[in-house]
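Peer 1: Turn this into a model:
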Amino acid sequence: MIDDLAQHRVDKSGYALGTTINLTTFGTIDDQGVNEAFKLIQSYEDSLTVNRSHSEVMAINHAAGVEAVQVSSATYDLVKTAIEYSRQNFGFNTTIGPLVKLWKIGFVGANIPSDDAIKERMKIISPDDVELSDNQMSVFLKKSGMELDLGGIAKGYIADRIRDLWRAMGIASGIIDLGGNILFVGQSPTHDDKHWIVGVQDPTSSRGETIGNVRIGECSAVTTGIYERYLEINGKKYHHVIDPRTGYPLDTDLAGVTVFVKNSIEGELEAKRLFFAGGPIPDWGVGNDDIYGAVLIYKDGSFTTIDVSII
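Peer 2: Sure, this is the predicted structure:
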């Protein structure tokens, strides 16, 4: 029997964070939950975006090589987390901004840069050249031209904060869809076993076509893939996932990775960890109760799973 919560469903869509946002709450009698969530998204986007000239992160970037910039505690904590993971050197690098803007894949002016231009940008994308002050909550990019790009990690952080907001409002169940990043809050009211059904995108087909579904409890499902944003020149595709270790789009047999985790911010990082590894990592997730599993899909259409089943 479908839960009574499902009878009281509110949906709202909008555009933010460079993608289409879809929010759903169950068991609510008005749209306050989704409206407050969109306000929260706007507030964080104003602080974290690098696609506008003004934000807290852009203030840090504009002061590169000149001075440290004091920011809000939320922005500082997120930047600090991004830098700590960047220093692990598994592929994620929040200082990759200059390379992203050089290639511009997915934006107007996308091009294939010269080798010399790439080498020059590679000199200023080191997370070791970022100075953090916990006392001042300030960030200093030591070299002129450096730029932070929080990218997906910001989206994951915002999804987690919406979940916190809804829980504080007493919303027991809902879906936060930030485009490639989905967070399921509480139990599903539409299935008898209270589990959610998550479709895993088939990267070789149009959007919405799946290779199958994963049945799972409350979680975040985060996808990293190369099949939606790319530049095609003379029959060759250059995807948008730039490898900070080479300066070029990542050379991989993978087309997409979807991870299932407790928190969206961790999902963004772990999806990239697997993606840059090019396949399963021995003992990935072992000992971490917040990591539930993953599906890795290859360019030839084959796939492999870690601790989840495709149905």
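Peer 1: drop to CA atoms for contacts and neighbour counts, all remaining ones
Peer 2: Noted.
Peer 1: First-to-last residue distance for stretch 219-232?
Peer 2: End-to-end distance of stretch 219-232 (Cα to Cα, to the nearest Å): 35 Å.
Peer 1: Which strands border the lowest-mean-pLDDT helix or strand in the chain, and is each parallel or antiparallel?
Peer 2: When each helix and strand of the chain is scored by mean pLDDT, DSSP states H and E, strand 230-233 comes last, with a mean of 80. Next to strand 230-233 in the sheet, as set by DSSP bridges, lie strand 236-239 (antiparallel).
Peer 1: Contacts for the partner strand next, please.
Peer 2: Strand 236-239 is contacted from outside by 105, 226-227, 229-232, 249-250, using Cα atoms under 8 Å, 6 or more residues apart in numbering.
Peer 1: Just the residues contacting the helix or strand residue 77 falls within, thanks.
Peer 2: Element membership for residue 77, per DSSP states H and E: helix 73-86. Contacts with helix 73-86, where a contact means Cα under 8 Å, 6+ apart, come from 47-48, 56-57, 92-94, 127, 130, 132, 137-139, 150, 153-154, 157, 269.
Peer 1: try 7 Å this time
Peer 2: 92-94, 127, 137-138 (Cα atoms under 7 Å, 6 or more residues apart in numbering).
Peer 1: Out of the residues you listed, list just those in strands.
Peer 2: Among the contacts of helix 73-86, DSSP state E puts residue 138 in strands.
Peer 1: Next, give me the two most distant ones among the contacts of helix 73-86.
Peer 2: For those, the farthest-apart pair by Cα to Cα is 92 and 137; their separation is 22.8 Å.
Peer 1: Now residue 149: phi and psi?
Peer 2: Residue 149 adopts backbone torsions of phi -140, psi 100, taken as degrees, to the nearest 10.
Peer 1: Just the pLDDT for it.
Peer 2: Model confidence at residue 149, given as pLDDT, is 93.
Peer 1: Same question for residue 6.
Peer 2: The per-residue pLDDT reported for residue 6 equals 60.
Peer 1: how about the nearest residue to residue 138, chain neighbours excluded?
Peer 2: For residue 138, ignoring the flanking residues on the chain, the nearest one in space by Cα to Cα, 6 or more residues apart in numbering is residue 70 at 4.0 Å.
Peer 1: do the same with residue 25
Peer 2: Nearest to residue 25 is residue 174, by Cα to Cα, 6+ apart, at 4.2 Å.
Peer 1: so the one you found is in which element?
Peer 2: strand 173-177.
Peer 1: what are the C-alpha coordinates of that strand, in CSV please?
Peer 2: What follows is strand 173-177, C-alpha atoms only, in CSV (Å, rounded to 0.1, in the frame of the first residue of the first chain):
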residue,chain,number,x,y,z
SER,A,173,10.5,12.6,2.9
GLY,A,174,11.6,14.2,-0.3
ILE,A,175,13.8,14.3,-3.4
ILE,A,176,16.5,16.9,-4.1
ASP,A,177,17.6,16.7,-7.8
